[in-house]
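Colleague: structure for this input, please:
(chains A, B, C and D)
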Protein chains: 4
Amino acid sequence: MGDNLKTLSLDEVAQHNTSESCWVILYGIVYDVTDFLNEHPAGPQAILRLAGKDATEEFDPIHPPGTLEGYLSSKTKVGKVDPAELAKKAESGVAASTAPERDPPLESLLNLDEIEALATKKISKKAWSYYYSAGDDLWSKSYNNAAYRSILLRPRVFIDVTACDLSTTFLGHRVGMPIFVCPAAMARLAHPDGEAGIARAAARFGAMQVVSNNASMTPEQIVEGAPADQVFGWQLYVQKERKHSIAMLERIHKLPNYKFICLTLDAPFPGKRELDEKMQWEGSGAFTVTAEGKGANERRPGGGGVGQQLFWGTASDLTWKTTLDWLAAHTHLPIVLKGVQTHEDAYLAAQYAPQVKAVLLSNHGGRALDTAPPAIHTLLEIRKYCPEVFGQIEVWVDGGIKRGTDVVKALCLGAKGVGLGRAALFGLGAGGEAGVERVLEILKAETETAVRLLGASSVDELGPQFLNTRILERDIYDGPSGLDNSKLWSKAKL
Amino acid sequence: MGDNLKTLSLDEVAQHNTSESCWVILYGIVYDVTDFLNEHPAGPQAILRLAGKDATEEFDPIHPPGTLEGYLSSKTKVGKVDPAELAKKAESGVAASTAPERDPPLESLLNLDEIEALATKKISKKAWSYYYSAGDDLWSKSYNNAAYRSILLRPRVFIDVTACDLSTTFLGHRVGMPIFVCPAAMARLAHPDGEAGIARAAARFGAMQVVSNNASMTPEQIVEGAPADQVFGWQLYVQKERKHSIAMLERIHKLPNYKFICLTLDAPFPGKRELDEKMQWEGSGAFTVTAEGKGANERRPGGGGVGQQLFWGTASDLTWKTTLDWLAAHTHLPIVLKGVQTHEDAYLAAQYAPQVKAVLLSNHGGRALDTAPPAIHTLLEIRKYCPEVFGQIEVWVDGGIKRGTDVVKALCLGAKGVGLGRAALFGLGAGGEAGVERVLEILKAETETAVRLLGASSVDELGPQFLNTRILERDIYDGPSGLDNSKLWSKAKL
Amino acid sequence: MGDNLKTLSLDEVAQHNTSESCWVILYGIVYDVTDFLNEHPAGPQAILRLAGKDATEEFDPIHPPGTLEGYLSSKTKVGKVDPAELAKKAESGVAASTAPERDPPLESLLNLDEIEALATKKISKKAWSYYYSAGDDLWSKSYNNAAYRSILLRPRVFIDVTACDLSTTFLGHRVGMPIFVCPAAMARLAHPDGEAGIARAAARFGAMQVVSNNASMTPEQIVEGAPADQVFGWQLYVQKERKHSIAMLERIHKLPNYKFICLTLDAPFPGKRELDEKMQWEGSGAFTVTAEGKGANERRPGGGGVGQQLFWGTASDLTWKTTLDWLAAHTHLPIVLKGVQTHEDAYLAAQYAPQVKAVLLSNHGGRALDTAPPAIHTLLEIRKYCPEVFGQIEVWVDGGIKRGTDVVKALCLGAKGVGLGRAALFGLGAGGEAGVERVLEILKAETETAVRLLGASSVDELGPQFLNTRILERDIYDGPSGLDNSKLWSKAKL
Amino acid sequence: MGDNLKTLSLDEVAQHNTSESCWVILYGIVYDVTDFLNEHPAGPQAILRLAGKDATEEFDPIHPPGTLEGYLSSKTKVGKVDPAELAKKAESGVAASTAPERDPPLESLLNLDEIEALATKKISKKAWSYYYSAGDDLWSKSYNNAAYRSILLRPRVFIDVTACDLSTTFLGHRVGMPIFVCPAAMARLAHPDGEAGIARAAARFGAMQVVSNNASMTPEQIVEGAPADQVFGWQLYVQKERKHSIAMLERIHKLPNYKFICLTLDAPFPGKRELDEKMQWEGSGAFTVTAEGKGANERRPGGGGVGQQLFWGTASDLTWKTTLDWLAAHTHLPIVLKGVQTHEDAYLAAQYAPQVKAVLLSNHGGRALDTAPPAIHTLLEIRKYCPEVFGQIEVWVDGGIKRGTDVVKALCLGAKGVGLGRAALFGLGAGGEAGVERVLEILKAETETAVRLLGASSVDELGPQFLNTRILERDIYDGPSGLDNSKLWSKAKL
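Modeller: Residues are numbered from 1 along each chain as shown, chains lettered A, B, ... in the order given. Below is the predicted model of the structure:
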């Protein structure tokens, strides 16, 4: 590939840096992407900022293999560059780095905060900003965890706790523990092991993984080599261009490890993640596009971080009946609805059983709407207003889990499983596949300890009698239930 | 002007620095203001501190054009000074300034706190102290915002949120969004664009502006060039000398953009704003007037900051029936009552419809009485004790708004509009007209995001079902309602 | 006096430094106080630490004139010392002091915290430690103020507040304002103006002053030159040796400005004030007396600060009927009971009207029992359980007052007056008499502002309708009322 | 001993550092402990980390005398080492230490925090980490104390408090005060005085001591020389190998000072104490065993701190009836159940009276399950759900006691006694026996002061009327009581 292409100088390429003639270098090949600018899922700005330059380093960790071939025809190739010239230029831009400090052994990291601290040191500022960021003032992100801390445990004594079994089932599939990996995008920003590394780590614990629609590896790569009984779900952001989503569903259907579709509902519009958005102002070029970028900024004040770029093609017009009917026409897999934040929507979801088999209570890790309720709030709302939901569909939660006691608290209140988002990514950042394994190892052991010290021997024995939720109960919604609100019901178009 | 005046030396002028002979230099002309000392709206001290000196720099940003001509007859001109001598003296007082750090582009500022941070760097300490200050310990100022954070949102999912319309009406006039600019004094302290700059920025968003009675530009200047459909209100502090207020109303009536009078009730006496008051002790002269200033200090402990000076001529004797009747005799414009802080007074206000068309719930940005309730408290009180008010008059709020989620929360609870005070001034300080535009752009975008992520498409769809206000409800007044309190009713002289 | 005494060298005096022969130098005279050691009200340790040394500097600010003559007969004088030798020794112990920073003018201090900050710089560490200290962890001291902050105000608008009258009465005596000075010991530790300086400052505001039983000036000195209508009370700590208390009452009866006896009940035993106690370990000698001091430490762990020394002779066996009967036999003045902290005791006090005319709700400035309730708690308890008390006796409060809004809140809840303790002492420390005046000036002006901004014109108009106490009400005692508790009643020996 | 052993070089010993040939040096003798590796109560890792080295310093402070003889037969002795060579090696590893700062006299330390601060300076990091550490995020440890602070006292006045008697009884045995020393392991880590030093200090106050199952001295040593009426309890962790526990009970029965068996229930599995576990990563060797240690880490993530090592042989299969029946067969002493954390278990315990004579409400100093409730919560639960328990058995508490007011609050709510854990160890660290004495002296004096200032004269007079527990009551469990939960009851196998 590229053998019969003419060699271009970097200076020559650099002149094609406008929307009228836009060239970029990828893996040593020069592409003319002028015509593609408006087709790019993340908008023209995402490319224009790299116009005339080598974009490989930015492109590689966030695009699955095959992306290039899928979107750019070979006639867009206009030449190649001299690798030596490229290397020389890259070198001149790199500060003399000091010898890296030696990382502590993963075994010496004792909790998820220590894992995150190591990952923060090791990954790029851009990756950290994307992972760490959350909506507005990070209130929901922080409260997601604090809400668990406000629940007191009620340990019973004089009970034989020699044995302890964490295994359970999700949608009827047996898994090793009630902790699973949530869809979280762009794993290769943290480490080349990427989503496949997470999958291999999860396999050791029989843990379930829901793969992000915005994964940085292909769905095929991620499950490659997975045991036949390893359970995966595929997250779906329905695209404005429905055909893209349909095509993806067809690919998923060919991979038997994928057992369900996880339809994300809590981000019909991108949240405002300032840490992420701030990154576009770091480094070269940012200040020069201000005037030109004005139009885009009106749509997306603060400009586009990774989160806004990923959102670009996502549909904002999903509705209960229309979307679920459409989905039924294109997949036989059961549906899990992610992002439910009120008891009303949990109740509505249960009306769509058995097509819908579970809800994942989530405020998107605090990344969508700041001051949205933590999953534990929604869980308590469901217990209060419509507990029958627990008998109709499975209820999973995510957000704010840092300790085994957090896991146990969610399970005591009726959650069937508890998802990890950032923790898996930070594990990856701290040590690739082994880092994810350490995250799961820590949390599994903490959960076993908590189950035992409560006086139980398995997750099935857990229940609300082990908790004092009084502090939290004071804050749970007690206004009129939307279950009687005909206006909202009609919107749901049951 | 001043051509036929004799030239005086600065030393000569400097000798006239007492209450017996008081000269000041303004724009190069020397005035003898001895006879005017006791007529000055902010009291003699405000002038005496500048006696014998060039007062132009202090005078200019806080007096609208025409002030000089209106108050000082030409016979008070006693000479002129040599501009070169003045310039030389000014220069000698200026420290060699370092090259100013380049400001970040406004687009890179992502929220109102970042705007405020930049303005804090750019404006004078005096301006900052006046804007930032609030009563006593700033408790109410801080709680104004914290109260919003304690409300949780309840986002609904699976709703088409492609469209989002923020337009609404105030008193029947259509505006582009429910966010308006509150009366806030002395805009030119922040930037020469002043209140007119705010007006031009607001025009781009179809946003309403209420102009301060203490604006640093004339009401004519502020609306000059405004589109015919741009909505303005005029704030009225009734003066002890009612004739001044009547004259001002007559000027306002000639300017069709002004659609209502906003009568301020929450500052019948100046609050204690220590940051502002402290400024009189900064710089030259402060410590030498101690003995002389004693009498004044007994009346105004801490001496007079900008806030106390502005208050000087304001009436403290307004009452419901007398004042509203007087107002009816002098203006045909509808009345908005600003500073209502209890459900009792909101209820009373509604009794005066249709003359009174709205109340603006406000604790004066925390600048009047510290530990006064935030507007969101009063809003919840009205919902609890006399919800019929929402059907009789419009209810607006201000104070503590920092995020689009704050805007949405106020609207969900029945507010028709949400006002910005300091945010507009800090926007002006950060970048003049463009800075105000950035403030409005940020807040509008955040509000749209919040509306969409709640599952709504317009402000009309918002309602209390989208909120969990339980934390806040715990703190809302539940004592006996003053609606049954005959003593308070009789005071109101209905 | 001393002329016919022989001159002793400092070295000679220094040898008499044990409990077997203990000499001290006071005002240049050498006393043999060996026999007096066990009679000293603060115990032998208080003297032994100064044995063989010049004790004038420690003695002077805490003993009223006449103390020396009253306790030591002239035969204890054993000689005099050479003033020059004394001065030389003192000098050698003083570090070369830098030129003192100029204090800011009192008018530039805007609130009580700023006054305290200045006083903290100016007074000795020992004085500061005694004033600032409170029980254990200073929890009650801090909560005393925080409790006020948790009360929200409810300002009413459209009310004529041109006039504002703070005058009121205490026990039928007219005073200029509802703010009074509480008994607080050892004023001369802060400034030579002492309690008399406080009295002169209070006179300017027509403010009442309750003089401490442990004042550093005589009761005669304090009221010397006071206007006939200035109101004073005398605080009584009943002494184990009742005759001392009786003698003091007789002195008080001769001074018509003293209108009542304030009997202190909240310190039958000294609280643990660690800052104060720590002072004994500062400087020379402390570590050498450890072994000898052991016995004393068992009785008073931590050793004796100023507070414990002052307590030494105080009776711990007061009871309702016995003590009040004894008091009735020795004074015609009305009684105010200080230190009431429960509604039960307020109720009991009212049973003793008209001898008892008022209670002063107080936790001793947080200096007695840590986690004792603030006065505002007790006030709310009385309102809840036995509001009839307000009609039977006057209820005063102290502790934690820092702002005019605090004063207004106490008054709205039924307090007739509000006392200042540390604030007056810190005022004295900041500027002597003028500093106390500044404290009262600030607090009076703040109170007037708060009254006006609430929509009232005098303290009589204040009432609970101006407050939202909901946050605080949640924490008020709601257990069984001791009013029905026969065991506690019988203890009270009604 | 060892005279006829051959002398081995340190290099020679160092080669036996694997699980296939493992030698260690103890007190100058070389032992071959290869066969003992799997018998060691703390697991093979605890020894392997010292393989080939002098283990004396690590071994000595945590093993009672006789341990060596009891576990290792004389044929495991393989040689001796040259003391001079050993000393030389030790020396080379010690940094030149600066002259130690002189400690402040114990009398100058005024509260338990100051004692802890001094101990923290003086003891080894390993000892501090073991004592200070608690579960996960130390939430329960911190809340244990904070819960006391949230209780307000209600001091009564006008009561004779001259006398004050703190004496009380435990299980019918008279003690000098209601404060006792809890079982806390490894006292000699803090100071060579060890548990015997605690015992001698306690004797001075007539205070009870419960001796840890993991004491670093023998039960005989600890009570040696104790007065006949000094009360001790013996803590029992039932061992997997029951015969070890039975043997220990037999030893205890021979020592008449031991009046009861304190059976610990709150740690059937070791909590996660990260500070303690982190210590294994400090210093040499830690990073080299990673690969080999992997298997162990899967069982005990984070590796084993002192706490996990001590736990090694402990049984996890205790149950109500089986265990108590077994215990009845092996001891005539009354049983105290430690670690009860719910009212349900307190109720169950009372069903086993008179064999069970008391419960010790405890969350193990926050060291077992983080977010477990403080003892004061459980106390309030019992008062709410099953107050009859107080009449059937004694209720003791521990955890979080720092002040005399804390002691008084527990007693007012029905606790018969209040235990100190870390405080005694930190006292030992600060000054050996004298430091423990100072701890008890401080707390006794504070308790007397609190009793007096409440208006009481003895612990018998204390009761709930002296407390305002409203803040805490809000957070007490109010879910369904497990007393009606047949599932949990059946587990208890009554």
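
Colleague: how about residue A:86, what does it touch?
Modeller: Taking Cβ atoms under 8 Å, 6 or more residues apart in numbering or on different chains as the criterion, residue A:86 is in contact with A:10, A:25, A:28, A:54. Using the backbone N, CA and C atoms, a C-beta is placed for each residue, glycine as well.

Colleague: among those, which are in helices?
Modeller: Counted as lying in helices by DSSP state H, out of these, are residue A:10.

Colleague: which one of the contacts of residue A:86 is nearest residue A:313?
Modeller: residue A:25 (24.8 Å; Cβ to Cβ).

Colleague: identify the residues contacting residue A:148.
Modeller: A:376, A:400, A:401, A:402, A:403, A:405, A:406, A:409, A:410.

Colleague: and these as CSV, adding secondary structure, distance to chain C and neighbour count?
Modeller: Output for those, formatted as CSV (DSSP: H, G, I helix; E, B strand; the rest coil; distance: Cβ to the nearest Cβ, whole Å; neighbours: other Cβ atoms under 10 Å in any protein chain shown):
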residue, secondary structure, distance to chain C, neighbour count
A:376, helix, 24, 28
A:400, coil, 27, 27
A:401, coil, 32, 27
A:402, coil, 30, 22
A:403, coil, 30, 27
A:405, helix, 28, 29
A:406, helix, 28, 27
A:409, helix, 26, 31
A:410, helix, 29, 29
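
Colleague: check which helix or strand the residue of the stretch 251-400 of chain A found nearest chain C maps to.
Modeller: In the stretch 251-400 of chain A, the residue that lies nearest chain C is residue A:371 (21.2 Å; Cβ to the nearest Cβ). Following DSSP states H and E, one finds residue A:371 outside all helices and strands.

Colleague: assess the claim that it and residue B:402 are in contact.
Modeller: No - taking contacts as Cβ atoms under 8 Å, residue A:371 lies outside contact range of residue B:402: 11.9 Å.

Colleague: mind listing what's buried along the host helix or strand of residue A:196?
Modeller: Here residue A:196, judged by DSSP H and E, is contained in helix A:194-205. Buried residues in helix A:194-205, counted by 16 or more other Cβ atoms under 10 Å in any protein chain shown: A:194, A:195, A:196, A:197, A:198, A:199, A:200, A:201, A:202, A:203, A:205.

Colleague: ok, and what's touching that helix?
Modeller: A:176-177, A:179-181, A:187-188, A:191, A:193, A:208-209, A:211-212, A:215-217, A:221-227, A:230, A:232, A:424, A:427-428, A:432-434, A:436-437, A:439-441, A:444.

Colleague: tell me the mean pLDDT over that helix?
Modeller: Throughout helix A:194-205, pLDDT has a mean value of 97.

Colleague: just to revisit the earlier point, quick one: which of the contacts of helix A:194-205 sit in strands?
Modeller: A:179, A:180, A:181, A:209, A:211, A:232 (DSSP state E).

Colleague: these into CSV, with extra columns for distance to chain B, pLDDT and neighbour count?
Modeller: What follows is the ones in strands among the contacts of helix A:194-205, written out as CSV (distance: Cβ to the nearest Cβ, whole Å; pLDDT from 0 to 100; neighbours: other Cβ atoms under 10 Å in any protein chain shown):
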residue, distance to chain B, pLDDT, neighbour count
A:179, 25, 98, 26
A:180, 21, 98, 25
A:181, 22, 98, 30
A:209, 23, 98, 27
A:211, 21, 97, 29
A:232, 23, 98, 24
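
Colleague: residue B:39: which of those residues is nearest?
Modeller: So of the ones in strands among the contacts of helix A:194-205, ranked by how close each gets to residue B:39 (Cβ to Cβ), first place is residue A:181, at 76.0 Å.

Colleague: and the closest residue to chain B within the stretch 51-200 of chain A, how far is that from chain C?
Modeller: The stretch 51-200 of chain A approaches chain B most closely through residue A:136 (5.6 Å), counting by Cβ to the nearest Cβ. Applying Cβ to the nearest Cβ, to the nearest Å, the value for residue A:136 to chain C is 27 Å.

Colleague: so what's that residue up against?
Modeller: Taking Cβ under 8 Å, 6+ apart as the test, what residue A:136 contacts is A:271, A:272, A:274, A:370, A:371, B:111, B:403, B:405, B:446.

Colleague: got the end-to-end distance for stretch A:7-15?
Modeller: By Cα to Cα, to the nearest Å, the extent of stretch A:7-15 from end to end equals 15 Å.

Colleague: any idea how far that stretch is from the chain center?
Modeller: 38 Å (Cα atoms, centre = their mean, to the nearest Å).

Colleague: need phi/psi at residue A:347.
Modeller: phi -60, psi -50 (degrees, to the nearest 10).

Colleague: that one contacts residue A:390, doesn't it?
Modeller: No - counting by Cβ under 8 Å, residue A:347 does not reach residue A:390; the two are 11.4 Å apart.

Colleague: mind saving the C-alpha coords of the helix holding residue A:196 as CSV?
Modeller: Taking Å, rounded to 0.1, in the frame of the first residue of the first chain, the C-alpha atoms of helix A:194-205 are listed here in CSV:
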residue,chain,number,x,y,z
GLY,A,194,-7.8,-1.6,25.1
GLU,A,195,-11.2,-3.2,25.4
ALA,A,196,-9.7,-6.6,24.5
GLY,A,197,-7.4,-6.3,27.6
ILE,A,198,-10.5,-5.6,29.7
ALA,A,199,-12.1,-8.7,28.3
ARG,A,200,-9.2,-11.0,29.1
ALA,A,201,-9.1,-9.6,32.6
ALA,A,202,-12.8,-10.1,33.1
ALA,A,203,-12.5,-13.7,31.8
ARG,A,204,-10.4,-14.6,34.8
PHE,A,205,-13.3,-13.7,37.2
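
Colleague: how far off centre is it?
Modeller: Distance, centroid of helix A:194-205 to centroid of chain: 15 Å (Cα atoms, centre = their mean).

Colleague: can you list phi and psi of residue A:457 for me?
Modeller: Per degrees, to the nearest 10, the backbone of residue A:457 is at phi -120, psi -10.

Colleague: residues contacting the spatially most central residue of chain A?
Modeller: Geometric centre of chain A, nearest residue: residue A:184, 1.6 Å, by Cα atoms, centre = their mean. By Cβ under 8 Å, 6+ apart, the contact list for residue A:184 reads A:131, A:212, A:421, A:422, A:424, A:425.

Colleague: which of these sits closest to chain C?
Modeller: Nearest to chain C among the contacts of residue A:184, with distances taken as Cβ to the nearest Cβ, is residue A:422, at 35.5 Å.

Colleague: where exactly do the helices run in the stretch 1-150 of chain A?
Modeller: When secondary structure is read from DSSP state H, counting those that start in this stretch, the stretch 1-150 of chain A shows helices at A:10-14, A:44-48, A:56-59, A:67-71, A:83-92, A:112-122, A:125-132, A:139-149.

Colleague: how is chain A partitioned into domains?
Modeller: A:7-91, A:112-290+A:298-476+A:484-492 (automatic domain parsing).

Colleague: which of the ones you listed sits most buried?
Modeller: domain A:112-290+A:298-476+A:484-492 (a mean of 21; mean count of other Cβ atoms under 10 Å in any protein chain shown).

Colleague: can you tell if stretch A:456-471 touches chain D?
Modeller: Yes - Stretch A:456-471 lies within reach of chain D by Cβ under 8 Å from any Cβ of the partner chain, at A:464, A:465, A:467, A:468, A:469, A:470, A:471.

Colleague: isn't the third one right up against residue A:155?
Modeller: Okay, so that is residue A:467. No - contact criterion Cβ under 8 Å: residue A:467 and residue A:155 do not qualify, at 10.8 Å.

Colleague: quick one, what contacts the closest residue to residue A:386 other than its chain neighbours?
Modeller: Nearest non-adjacent residue to residue A:386, counting by Cβ to Cβ, 6 or more residues apart in numbering or on different chains: residue A:347, 4.6 Å away. Residue A:347 makes contact with A:382, A:385, A:386, A:389, A:483 under the criterion Cβ under 8 Å, 6+ apart.

Colleague: all set now, cheers.
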